[in-house]
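# Make a model of this:
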Amino acid sequence: QMSSSLVKVLVHKDNKVVQELPITALKKIAIGRREDADWIIEHPSGSRQHATIELNTTGLFVTDLGSAHGTCKNGEKIPAKKPVQCRGGDELTFGGSTRKYIIIMGNPKIVPASSVAKEPETKPAATASFCPWGGGRG
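Next up, the predicted model:
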């Protein structure tokens with residue numbers, strides 16, 4: 001039985017799910033403060049055209065469109081204008097908004113991130129670019 005949504009994104013605010021955003025087809029989703037964005041960021045630090053999320057045949061990718069305050073995946077800032085692959089369990093944040101966008105893969109073949117043993121952190125934290133408002137040690 002195929003589930004209707006290929007990917008689901010749960011929006012958490014203050015540790016509560018406030019929104020559920022299903023991605024039901026291969027497409028590109030516009031994220032930003034513009035009223036015509038697919039997913040609207042209400043936080044003032046969001047850019048009008050902030051980011052896109054694209055589901056294609058090779059996977060799910062988030063791209064920051066050169067936004068003023070950046071996009072983070074799992075607390076680390078992603079480079080602008082470069083698609084970054086997302087997996088189930090990844091957490092995205094846009095600008096200074098406290099909303100966390102958590103990716104749930106609908107495909108049962110994809111192993112949820114929580115069941116995979118985390119690799120020990122070997123790289124020094126100084127080399128990572130942490131979001132200024134993230135929980136980074138930077």
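# So what's the residue count around Thr93?
For Thr93, the neighbour count with other CB atoms under 10 Å is 22. Heads up, the C-betas are built off the backbone N, CA and C, glycines and all.
# In this structure it contacts Cys72, no?
Yes. Using CB atoms under 8 Å, Thr93 is in contact with Cys72, at 4.7 Å.
# SS state for Glu20?
strand (DSSP: H, G, I helix; E, B strand; the rest coil).
# What's the separation between the closest residue to Gly66 other than its chain neighbours and Gln49?
What sits nearest to Gly66 in space, not counting adjacent residues and going by CB to CB, 6 or more residues apart in numbering, is Ala80, at 4.4 Å. Distance of Ala80 to Gln49, given as CB to CB, to the nearest Å: 12 Å.
# what is in contact with the two at once?
Residues touching both Ala80 and Gln49 (CB atoms under 8 Å, 6 or more residues apart in numbering) are Leu65, Ser67.
# element containing Lys28?
Using DSSP states H and E, Lys28 sits in strand 27-32.
# What residues are bridge-paired with the residue nearest to Gly66?
Asp64 (DSSP bridges).
# Do you know the pLDDT at Ser97?
Note on Ser97: pLDDT of 95.
# Specify the local secondary structure of it.
coil.
# need the contact list for it.
Ile41, Glu42, His43, Ser45, Gly46.
# Thanks a lot, see you next time.
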